[in-house]
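Chemist: Next one to model:
(chains A and B)
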Amino acid sequence: MSAEPTSPSSPSPPSPVFTLRPRAGEITSVRHATIDLKESVLIGTSTGSISLWDIETKREFWTHSCDQSVLTFQAVSSLDAKPQDLISLCRQGSVRLWDVETEKEKISFKVPDPGFCNLIPLSWNGNSFAVADREYGQVNVCNTLDGKILSNLKVEEPKSRGMIMCLRCGKDQLVLGGCEDGSLVVWDGRRPDRELSIVKLFTESVMCLDYHIDSNHGVAGSPLKTLETFNFTQQCLVEKKYSTEIRNSGVASVAIRGDGRIMASGGWDYRIRVFGCKKGKPLAVLDYHSGTMQSIAFTSSSLAHYSNLMISGSKDRRVSLWKLY
Amino acid sequence: MSPMGVVLGVILKLIIMELSAVNDFKKSLTFNCSSFEDFSQIISRGLKCLEEVESGQKALLHAQLCQILISSCNEWVAYHTEHTSLLMFAGPVKALEIISSSIIKASIQGSQWLESVVLQMMKNGSIEVILRDKSVTSSPNTQKLLINGLSRFPDLFSSKRGRQVSDEFLPINYYRRLASCMFKSLEYIHSTSLSGDAEKSKLTFLASLVGKVSMLGHRDSFYGCLCPKLEEVTKDDTHWSSMCHSLFMSIPEHQMEATLDGLMHHVRPSLRLGSPLWRILGPLPLHSSQASYLLTNKYVIIRPLSDPRVLLGYLGSNKKLHPLLMESILLSLRLWSDKSALRHMTAGLHLQITGHVVLGMNLIDLSLFQPQLSELTSLVMQGIQAHLQSPIDEFKYVGMAAGEFIMNLLHPSPDPPSSPPSSPPSSPTSSSFKPLQFSYPESDSILWLKSLMRPITDQEKGLAPLAPPAVKEDEKPSPLKERYGEGLVQSTVTNDNDSDDDDLQPYDMSNDRDSDIKPPPLHLRTAIQGLLAKNEFSKHVSALRGLKNLIQSRPADLPELCLELAKILLHLEDNYSLEQEFTQLRHDSLVECVATCPLQVAPYLCEQFYSQHYNLSQRMTILEVLTAGAGKLSNPQTKKVEEFSLKEPSLAPGKKPWQQIVEERVQAKTRLISKGSKKLEAVPNQFNDVCGQFFFPLISHFDVNKIPTLDLQGRDSSLLGQLLYALGLIVHLAVHCPLVPLMSASLLDFCWSFKYHTDVSVRQGVLYCVSCVLATVPPSSVPALMEGGLNEILLWVKDVVANDASENCRHLARISLSLFSEAVQQVASKQSCLICYESFFFCSNNSNKSY
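Modeler: Predicted coordinates:
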């Protein structure tokens, strides 16, 4: 780290406010959602179990099992009149939609997913989601009802870009994707046949990325020792902002908090690092887990008490909740 | 038309004439309705009649009808939404008013019905409409009823329905919903931009609801939802701010404290100009004496807030409030320096007040205090003295830190103070030119104070009356750093319009070390490489740590590599001072090795035990590993070792093998009355096949080759004791094995020569072996053993009981004898052999003699 602002008076890093221990498997995905007025943590594991935990009571109140390691498990706006459903994507490419109320699997189908990229529900079209394809540089926009591919998002030189490693939603109808060659691609959902803008962030592949729409701030991690940040210009072109050095190589997950003040990265060195968003000022190194930090998320609740908690899920089978700043 | 309808019509007309006749209607409802159809008709007829009634009496009549419905409500009403229309007949305000007033009299079903009605009103936005529009036009009495109802619905419903009240009416959920309803109605008021008076009257109603909710103590859920939203919208909208100002200004005096409590605890602390609290509250204390008392007195010295930044940030955020800020600082400073007050304060309160003083002094423009400088100095000096004299260390240290900071702030080191302070004799620095400096330990509270002492950067140029205090000596005031504070210089910056990162204070990051994490090896050969790796700590350790699991997973190349692995492990040295962990890991891995490949590893280890180039501890390890491995093999649970294989991705979902389908069908049609007793499955003792490999090499090599490094009979006798113990244990673990008699015989033979050994541990070992043999051999083979030398040994054992110097030996000998008598009894019960009797009597006679 170039300059550590650690003065002798800085307080020691906090401990997690709570640790959840799901019964099965390494944690692969954590998310937050308000389900049935309950502030919940959505947890997906490598053995295929998905569960909902109430943040208030710290208890599991809903659990189901998929056949394969879970890649994404999150809430989507419902197809019915109900507020939301849950969607899960497994390593074999099977997508399932779950109804929270009846606790049943609603819809299940397969998509040609490479087995490592996440899935993003598209906010501008309630009934669709984007997921990476096994083809180089291609993302499919699928219908949530039956998995039918509605359109393909493609890049200009797919061979050199490699596969899409991770996806995020941007402003309006933008879709952000991190490529195997370390570049960040942006598509406009309305014009799928070629990318809107592309920028090379890393020399290695992009492992994870997050984008905060309100503050126009994005961050990406790779197997290298840096975090790269980016934003959009007026013409929706991506441009690099600043980069922040981290001590040990390998970033497995990044997340920006709902208020856009801080961001966190989970590393292959089992540590969580917290930074200020504006300048990338290093704020804390949280050394608690004993496995790769596979997923990090922040809560955003209308209740201040449960808002802006950090949820971190690790390969060591624990999910911890943190209260920071 | 049914006769009921006629009756109702008549009754309604009666009511119009004489309202007291309502009771009759009630009777007709409760007693005369025999079916749901009747009831519905009565209601619809009632509605029709209501419409016919002249408007003056309509409202009253409607209210009475509803009350009757609510209080005599049965399931017919509760489950039929069409009756809601009766309640809603005169609009939502009236409905809410009726609900609020008659909920106390409601039956249980009635309250359930009301619950659903209220929830529906909240969901479809009627409540918002009431909050923003309708309430204003209604009478004060109605307003009061509405506020009472809205603020207390969770209590009212739960008092009726107890635990059956729905989740929506749990306080946490209800008040959140109420807060969002209120925010929506505020939004509406904001968007319509009314004239001052109309807006004000609407806000007054909302204010009394806010006050009431706060009074009832549901601040967390209510303000937790409302505060962030208000903070957000007031950010750059002055109309919103002024609305919030007048909202909070119209809160009744007696509810002010509860309201401010809620706000103070949920608003984001900030020291910037125009802090969130200022945007919401505005110059409230200048208009309300109660608020002014709370903000300058109660929250300062009586019940301080946990974070002084909230209050001071607010008071410092506008010039109008500066007199109050000074007043509060002076007040807290006076209390801080008061000796007797100090004596009666709790540590927590003291720290909070100190924090307030420190942050206040840090925040305020000291030029404002210029006229009172000498008074301040003497106050601080007094305070320091009082703290130094305090018998409680915590107070003393906090006082030192705070006093040092304030004095150096009042009199920055380069220029002398304007008036010499009346320095008390105990003060260590009577010279006023030197900065005051104490030494004290860094506790949590000191660190917290230090965080408040951090110089506050000048954040909004031109507008900033908050002058930053003197820069500390150790900081070189580079222009960039001075403007943006720390944390900026280190990263490449593109936009510098906002310096938000600076109010985030970093935690200690000394725990950010280079990662020494290596994944455990996946293959035996890499593990062996790791074990042999020199000067590669992480590789070595991860190999050592992962080895046990790796062997357990039984990789295919284990049989060919196990000998090499055992050899390496046996010779492995603790080069990295892992100590306990190293010993444990090596032991576990070796045991796993022996247990998985006993045919190769056990004879090898036995052989190594007698070979030349080992030290005592290695030989000891060999024995331990052999016994632990034998134990592991003979334990039936070790059977459950999962086969190591990558799980093949199962068949496509939806397709199941036919057995599974059949099984599922059978399961579905089988009714289990009880689970039945759990069957224990018999598992063959795995040790039986290989026990010879553990035992015979160990015993037969004993006097084959004499080596200079091992003198079991002489100086290494403790190892001999251990060896005997191991042999005994191995025999015992091989229980029920056909080889046991043979092993027992040779073990007894082996023991024979050591029975008069001078080392106690060896004699103990012999006794242990005898006990093991007696406990293990089948009774039928006892006679044969008797002939083979057990007799003589038992004689010796008896002799030990009588004469041995060691208490332990005597104890063990007694155990052996009792085991022997048990064995003999078993034989006797079978009456299989007479020799046994004889020898037994012979022995017991002898023992009697010896006693």
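Chemist: and the residue of the stretch 101-250 of chain A nearest chain B?
Modeler: Proximity of the stretch 101-250 of chain A to chain B (CB to the nearest CB) peaks at A:Asn248, 3.9 Å away. For every residue, glycine as well, the C-beta is placed using N, CA and C.
Chemist: Helix, strand, or coil at that residue?
Modeler: Under the three-state scheme (DSSP: H, G, I helix; E, B strand; the rest coil), A:Asn248 adopts coil.
Chemist: what number of residues lie near it?
Modeler: The tally of other residues near A:Asn248 (other CB atoms under 10 Å in any protein chain shown) stands at 18.
Chemist: right, and it touches A:Trp268 too?
Modeler: Yes. With contact defined as CB atoms under 8 Å, A:Asn248 and A:Trp268 form a contacting pair (7.1 Å).
Chemist: what do those two both touch?
Modeler: B:Ser515 (CB atoms under 8 Å, 6 or more residues apart in numbering or on different chains).
Chemist: then stretch B:401-412 to PDB, C-alphas only?
Modeler: Extracted in PDB, the C-alpha atoms of stretch B:401-412 (Å, rounded to 0.1, in the frame of the first residue of the first chain):
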ATOM      1  CA  ALA B 401      -5.900  14.300  27.800                       C
ATOM      2  CA  ALA B 402      -8.700  16.800  27.700                       C
ATOM      3  CA  GLY B 403      -6.900  19.400  29.800                       C
ATOM      4  CA  GLU B 404      -3.700  19.100  27.700                       C
ATOM      5  CA  PHE B 405      -5.700  19.600  24.500                       C
ATOM      6  CA  ILE B 406      -7.800  22.500  25.600                       C
ATOM      7  CA  MET B 407      -4.900  24.400  27.200                       C
ATOM      8  CA  ASN B 408      -2.800  24.000  24.000                       C
ATOM      9  CA  LEU B 409      -5.800  25.200  22.000                       C
ATOM     10  CA  LEU B 410      -6.300  28.200  24.200                       C
ATOM     11  CA  HIS B 411      -2.600  29.100  24.200                       C
ATOM     12  CA  PRO B 412      -1.000  27.800  21.000                       C
END
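Chemist: wait, does it contact chain A?
Modeler: No. Stretch B:401-412 does not reach chain A (CB under 8 Å from any CB of the partner chain); its nearest approach is 10.8 Å.
Chemist: Do me a favour and average the pLDDT over that stretch.
Modeler: What stretch B:401-412 shows for mean pLDDT is 85.
Chemist: likewise stretch B:774-784?
Modeler: Mean pLDDT, computed over stretch B:774-784, is 83.
Chemist: Just the buried residues of it, please?
Modeler: By neighbour count with 16 or more other CB atoms under 10 Å in any protein chain shown, stretch B:774-784 contains the buried residues B:Leu774, B:Ala775, B:Thr776, B:Val777, B:Pro779, B:Ser781, B:Val782, B:Pro783.
Chemist: from those, which is closest to B:Ser806?
Modeler: Closest approach between the buried residues of stretch B:774-784 and B:Ser806, by CB to CB: B:Leu774, at 20.2 Å.
Chemist: close enough to count as contact, that closest one and B:Ser816?
Modeler: Yes. Between B:Leu774 and B:Ser816 there is a contact under CB under 8 Å: 6.3 Å.
Chemist: what's the top helix by length along chain B packed up against?
Modeler: Ordering each helix of chain B by length in residues (DSSP state H) puts helix B:807-830 first. For helix B:807-830, the packing partners by 3 or more CB pairs under 8 Å, 6 or more residues apart in numbering or on different chains; DSSP states H and E come out as helix B:760-776, helix B:782-785, helix B:791-803, helix B:834-850.
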